[in-house]
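just to be clear, the model below is a prediction. Sequence and coordinates:
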Amino acid sequence: MDFKQQVVATLHSALHDQLDDQQLTQLLETPKTSDLGDYAFPTFALAKIYHQAPKQIASDLAAQLDATPYEKIQAVGGYVNFFLDKVSFAHAVLTTIAKDPQHYGDAQLGQGNVPIDMSSPNIAKPMSMGHLRSTVIGNALANILAKVGYSPIKINHLGDWGTQFGKLIVAYRKWGSEADVKKDPIHYLVQYYVQFHEEAETDPTLDDEARAVFKQLEDGDQEVYKLWSWFREESLKEFTRIYDLLGVTFDSYNGEAFYNDKMDAVVADLEQKHLLKASQGAEIVDLSKYDLNPALIKKSDGATLYMTRDLAAAFYRHDQYHFVQSLYVVGNEQREHFDQLKAVIKEMGHDWADDIHHIPFGLITSGGKKLSTRKGNIILLERVLNDAIVLAKQQIAEKHPDLANADQVAHDVGVGAVVFHDLKNERLDSFDFNLEEVVRFEGETGPYVQYTNARANSILRKTTIQPAAEVALTDQNAWDVLKALGDFPHVVVRAAQAYEPSIVAKYALRLAKAFNKYYANTKVLVDDAELPARLALVQATSQILTAALALLGVQAPAEM
């Protein structure tokens, strides 16, 4: 039963002439402490309508509402506070979860394909911490959207095309060694790339040379194409190893190069619709009516750009997947690019441009500094994940030295710690990364949530009594856990609507804290009439913590 909607229905009976159900739902608040009720309705929005003080409105409203389904309805200041019936709430939540824990929180917000452009590392460069956010935010959004009815399609739009490959090939020809690249591909390719930029600061002709080489690649020069293919193949081997560590899979690896033969059709369509304009030798689409800079479609030398390829990709995905939404999980600094992309498609006469959504995110910094391959300031993602696993293993050895599957648990905890730390931050926020803080078992961390789940499982293993929600739990600490469990479906919907995985991560922390407070104040395994109900609460907590972590792409070991 949806108890929030029950409160809305109760309010509707008295306020339907002033506020509709959607407005009532948006106004409804959750008090910070349970002694102020389980839901609170602020009456300030009604002051202008009734020409009365909110306190008086609250008092009158509370008196006329039907309190039968509640413990009580109470006016406090300008609020009407609703206290839910604990017995019916506890029974409804625990029996619903027990009946089908895997699908608790499922919703039907919509249906249809949702391609998610995510991760998208550049070939011939290592995956750094800078790639983590797009990868794990995109993966979590895919899980969340699947939970609410959509069919996500995870696309790794590899950065395998563009002028940077002209730079890399020039650098390899000048300073490279085939033997070195075969020995340690990514290490040496990055070294050449960094050297190119250092040399180009004093020798601007290198940039011209790189542009010319990329043009050869676009035109299908065999020698240049062979080098590019080799760099791509070696890069994919490394990427796959890291994705395996993270437990992230993709439905498509179609990168920028895939659209090389699909751009001409887009450019021809732009020309036919008289949208292309000449500007300093280049070709642009004027977007001044959108208050945007012009979209650059072709450079003066005829080479295409990100915009050309992204247009081709957008049309391909629309035709291939018939999407209802198309998401781009790309850093906040690319906001204007995606505004331009949508505007160009709109100018071409396609309303489905409105179904394209840029999902921006902030930066990960180290010591307050931005990570940059060009400047050689890289923190390798694989090294961070492996270091996190080592740190997790050390802590597990101290807490549980005889744990049977310690290596697997250390992997789940270490990698999970890095993923959870990223996702607990609101995606637009930037944050500084400190590995030792991330892999702590205490505080607002992934291991804390995982450890809470393991603790719940430990309790269940110590008894043969079957969990059952026949007897109501009404003590305050149990009530806080029950309310958190009941909130999970709303959390999933809010996360999906806002494209915000941090809503799920913060919920997991809230549920874990409520359960640990309950555990600290309650002897769960006392053999009395309430024991099956307490076990049902413990089991439901484990099931929903596991489900919340799964949405984030984090494992939930049964023992730690």
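It's in.

list the contacts for the closest residue to residue 474 other than its chain neighbours?
In space, and not counting its chain neighbours, residue 474 is closest to residue 86: 4.8 Å by Cβ to Cβ, 6 or more residues apart in numbering. Placement of C-beta: from N, CA and C, glycine included. Residue 86 sits next to 71, 472, 473, 474, 479, 482 when contact means Cβ atoms under 8 Å, 6 or more residues apart in numbering.

cutoff 10 Å now
Neighbouring residues of residue 86 by Cβ atoms under 10 Å, 6 or more residues apart in numbering: 38, 71, 472, 473, 474, 475, 476, 478, 479, 482, 483.

residue 182 versus that one, what's the distance?
For residue 86, the distance to residue 182 equals 68 Å [Cβ to Cβ, to the nearest Å].

also residue 22?
62 Å.

hey, where'd the strands end up in the stretch 201-350 of the chain?
276-279, 282-285, 295-298, 326-328 (DSSP state E, counting those that start in this stretch).

also the chain?
39-42, 70-76, 79-84, 113-117, 151-155, 276-279, 282-285, 295-298, 326-328, 356-358, 364-366, 369-370, 431-432 (DSSP state E).

closest one to residue 91 among the strands of the stretch 201-350 of the chain?
strand 326-328 (38.9 Å; Cβ to Cβ).

got a list of contacts for the closest one?
113-118, 120, 134, 137-138, 141-142, 145, 152-153, 155, 157, 310, 313-314, 317-318, 334, 337-338, 341, 352-353, 355-360, 499.

mind listing what residue 530 touches?
470, 471, 472, 473, 474, 475, 478, 522, 524, 537.

with residue 53 instead?
Contacts of residue 53 by Cβ under 10 Å, 6+ apart are 43, 44, 47, 59, 78.

quick one, which of those are buried?
Neighbour-count burial (16 or more other Cβ atoms under 10 Å) is assigned, among the contacts of residue 53, to 43, 59, 78.

neighbours of residue 253, just the number please.
15 (other Cβ atoms under 10 Å).

so it sits against residue 158, correct?
Yes. Taking Cβ atoms under 10 Å as the definition, residue 253 is a contact partner of residue 158 at 6.1 Å.

intersection of neighbour lists for those two?
With Cβ under 10 Å, 6+ apart as the test, residue 253 and residue 158 both reach 119, 236, 239.

name the nearest of the residues you listed relative to residue 495.
Relative to residue 495, and with distances defined as Cβ to Cβ, the nearest of these is residue 119, at 19.9 Å.

give me the neighbour count for the nearest residue to the closest one once chain neighbours are set aside.
Among residues not flanking residue 119 along the chain, residue 135 sits closest, at 4.2 Å (Cβ to Cβ, 6+ apart). Using other Cβ under 10 Å, residue 135 has 27 neighbouring residues.

could you export stretch 412-430 as CSV, CA atoms only?
These are the backbone C-alpha positions of stretch 412-430, laid out as CSV (Å, rounded to 0.1, in the frame of the first residue of the first chain):
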residue,chain,number,x,y,z
ASP,A,412,33.5,-6.7,-3.8
VAL,A,413,34.3,-4.4,-0.9
GLY,A,414,37.3,-2.6,-2.5
VAL,A,415,35.7,-2.0,-5.9
GLY,A,416,32.3,-1.3,-4.3
ALA,A,417,33.9,1.3,-2.0
VAL,A,418,35.2,3.3,-5.0
VAL,A,419,31.9,3.0,-6.9
PHE,A,420,29.8,3.9,-3.9
HIS,A,421,31.9,6.9,-3.0
ASP,A,422,31.5,8.3,-6.5
LEU,A,423,27.7,7.7,-6.5
LYS,A,424,26.9,9.1,-3.1
ASN,A,425,28.1,12.5,-4.3
GLU,A,426,25.4,14.4,-6.3
ARG,A,427,26.6,14.0,-9.8
LEU,A,428,27.0,17.8,-10.5
ASP,A,429,29.3,18.1,-7.4
SER,A,430,33.0,17.8,-7.8
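
who are the neighbours in contact with the closest residue to residue 129 other than its chain neighbours?
Of all residues not flanking residue 129 in the chain, residue 379 sits nearest, at 4.5 Å (Cβ to Cβ, 6+ apart). The contact partners of residue 379, taken as Cβ under 10 Å, 6+ apart, are 126, 128, 129, 130, 132, 364, 365, 366, 371, 433, 435.

nearest to residue 195 among these?
Nearest member of the contacts of residue 379 to residue 195, counting by Cβ to Cβ, is residue 126, at 15.7 Å.

and the chain, what are its domains?
3-84, 381-552 (automatic domain parsing).

got TSV for those domains, with mean pLDDT and distance to residue 213 too?
Putting those into TSV (pLDDT from 0 to 100; distance: least, Cβ to Cβ, whole Å) gives the following:
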stretch	mean pLDDT	distance to residue 213
domain 3-84	94	56
domain 381-552	95	29
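
so which of the ones you listed comes closest to residue 175?
domain 381-552 (25.1 Å).

in the protein, where's the longest helix?
Counting by DSSP state H, the longest helix found in the chain is helix 222-246.

now for it, which elements pack on it?
helix 132-147, helix 163-175, helix 178-183, helix 185-200, helix 205-218, helix 381-399, helix 406-424 (3 or more Cβ pairs under 10 Å, 6 or more residues apart in numbering; DSSP states H and E).

reformat the ones you listed as a markdown table; add distance to residue 246.
As requested, the helices and strands packed on helix 222-246 are exported to a markdown table (distance: least, Cβ to Cβ, whole Å):
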| stretch | distance to residue 246 |
| --- | --- |
| helix 132-147 | 7 |
| helix 163-175 | 25 |
| helix 178-183 | 26 |
| helix 185-200 | 17 |
| helix 205-218 | 31 |
| helix 381-399 | 7 |
| helix 406-424 | 6 |
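
quick one, which of those gets closest to residue 268.
helix 205-218 (16.7 Å).

between the closest one and helix 222-246, how many degrees?
Relative orientation of helix 205-218 versus helix 222-246 (axes from the mean of the first three to the mean of the last three Cα atoms, to 10 degrees): 90 degrees.

give me the contacts around helix 205-218.
Residues contacting helix 205-218 (Cβ under 10 Å, 6+ apart): 161-171, 173-174, 196-197, 199-200, 203, 221-225, 227-228, 257, 260, 263, 299, 301-304.

buried ones among those residues?
161-171, 196-197, 200, 224, 227-228, 257, 260, 263, 299, 303-304.

may I see the buried residues of stretch 506-519?
Applying 16+ other Cβ under 10 Å to stretch 506-519 flags 506-516, 518-519 as buried.

how about that stretch as CSV, C-alpha atoms only?
Output in CSV follows, covering the C-alpha atoms of stretch 506-519 (Å, rounded to 0.1, in the frame of the first residue of the first chain):
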residue,chain,number,x,y,z
LYS,A,506,22.1,8.3,0.3
TYR,A,507,19.0,6.1,0.9
ALA,A,508,21.2,3.0,1.5
LEU,A,509,23.2,5.0,4.1
ARG,A,510,20.0,6.1,5.8
LEU,A,511,18.6,2.6,5.9
ALA,A,512,21.9,1.2,7.2
LYS,A,513,22.1,3.8,10.0
ALA,A,514,18.5,3.2,11.0
PHE,A,515,19.1,-0.6,11.2
ASN,A,516,22.4,-0.2,13.1
LYS,A,517,20.6,2.0,15.7
TYR,A,518,17.9,-0.7,15.9
TYR,A,519,20.5,-3.5,16.3
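
identify, from the contacts of residue 379, the entry nearest to residue 422.
Nearest member of those to residue 422, counting by Cβ to Cβ, is residue 132, at 5.8 Å.
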